[in-house]
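**Q** task: produce atomic coordinates for the following.
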Amino acid sequence: MIQLAHAYYYGEEQSIDFSKSPQASSLACALIAHHATSLADTLASELGILSKSQPILIISGKKVPPGTNGGVTLLGTGFSALGGFIIGLGAATFDVIGGLNVQPSAYVTFGTICGILGSIVDSILGATLQVTYFDSEKKVVCSDFVASSSVRISGSDVLSNAQVNVASILITSLAGSVIGNHIFLYFQVPR
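**A** This is a model prediction of the structure:
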């Protein structure tokens with residue numbers, strides 16, 4: 001949707017330059033933030049579970065079993081940063097290939113920040129609005145109450161995992177459209 005809005009209102013792709021085209025640049029930043037959040041969440045969830053340290057619940061600091069919605073580790077957060085970095089680097093690379101003026105350090109910094117921010121937002125929403133149960137007999141984390149041996153360890157049954165993902169992408173995309181201005185202008189100023 002963001003990409004379609006950008007194409008409809010601003011036509012041909014442009015360099016991110018808030019001094020010349022602030023609205024188009026904000027939409028481009030929202031798009032980068034969207035993808036950074038998606039990849040960061042995926043890497044944190046799928047690879048962060050490999051952490052040797054026990055996750056803590058982002059809202060309380062309480063230790064929780066691996067796989068708990070809202071559970072975070074340093075390794076998982078590192079993978080979130082990597083996901084954002086990859087998206088920032090990819091966006092810069094494609095813009096260079098497309099012949100646009102690019103500030104690579106701004107793209108990479110922005111992508112990394114959005115990856116971390118998106119992952120944090122996703123974890124907070126998951127810890128509060130997405131229920132997680134622990135089945136003490138099977139020793140597994142689950143999102144549904146499946147047996148009398150299941151105990152709720154975090155969250156409320158308000159949003160599904162897909163809804164948490166959509167909400168975190170929307171929030172981070174909106175935040176990215178705002179903070180992108182500051183990051184790209186910072187790297188634009190001669191040092």
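
**Q** next SSE downstream of the helix or strand containing Leu82?
**A** Remark: Leu82 resides in helix 74-97, with elements defined by DSSP states H and E. Sequence-wise, the next helix or strand downstream of helix 74-97 (DSSP H and E) is helix 104-129.

**Q** ok so, going back, contacts for the helix holding Leu82?
**A** For helix 74-97, the external contacting residues (CB atoms under 8 Å, 6 or more residues apart in numbering) are 13, 15-16, 32, 35-37, 39-45, 47-51, 53, 55, 102, 104, 107-116, 118-120. Yep, even glycine has a C-beta here, placed from its N, CA and C like the rest.

**Q** among these, the buried ones, what's the ChimeraX command?
**A** Selecting the buried subset of the contacts of helix 74-97 in ChimeraX, with 16 or more other CB atoms under 10 Å as the burial test, is done by:
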select :15,16,32,35,36,37,39,40,41,43,44,45,47,48,51,55,102,107,108,109,110,111,112,113,114,115,116,118,119,120
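
**Q** does the residue in the chain sticking out farthest from the centre count as helix, strand or coil?
**A** In terms of distance from the mean C-alpha position of the chain, Ser148 ranks first, at 34.6 Å (CA atoms, centre = their mean). Following DSSP: H, G, I helix; E, B strand; the rest coil, Ser148 is assigned to coil.

**Q** what score does it have for pLDDT?
**A** Per-residue pLDDT puts Ser148 at 74.

**Q** what's near enough to touch it?
**A** Residues in contact with Ser148 (CB under 8 Å, 6+ apart): none are found.

**Q** likewise for Ile32?
**A** So Ile32 contacts Ile87, Gly88, Ala91, Tyr107, Phe110, Gly111, Cys114, Gly176, Gly180 (CB under 8 Å, 6+ apart).

**Q** one more pass at 6 Å, please.
**A** If you count contacts by CB atoms under 6 Å, 6 or more residues apart in numbering, Ile32 has them with Ala91, Gly111.

**Q** and the helix or strand containing it, average pLDDT?
**A** Here Ile32, judged by DSSP H and E, is contained in helix 22-48. Mean per-residue pLDDT for helix 22-48: 96.

**Q** C-terminal to it, what's the next element?
**A** Once the chain leaves helix 22-48, the next helix or strand it forms, by DSSP H and E, is strand 56-57.

**Q** list the contacts of stretch 115-131.
**A** By CB under 6 Å, 6+ apart, stretch 115-131 touches 36-37, 40-41, 44, 57-59, 69-70, 72, 80-81, 83-84, 154-159, 164, 167-168, 171-172.

**Q** distance of the nearest residue to Val141 once chain neighbours are set aside relative to Asp144?
**A** Distance criterion CB to CB, 6 or more residues apart in numbering; nearest residue to Val141, sequence neighbours excluded, is Gly67 at 3.9 Å. Gly67 is 14 Å from Asp144, where distance means CB to CB, to the nearest Å.

**Q** pLDDT wise, what is Ile113 at?
**A** Value for Ile113, per-residue pLDDT: 98.

**Q** scratch that, Ser136
**A** You'll see Ser136 listed with a pLDDT of 83.
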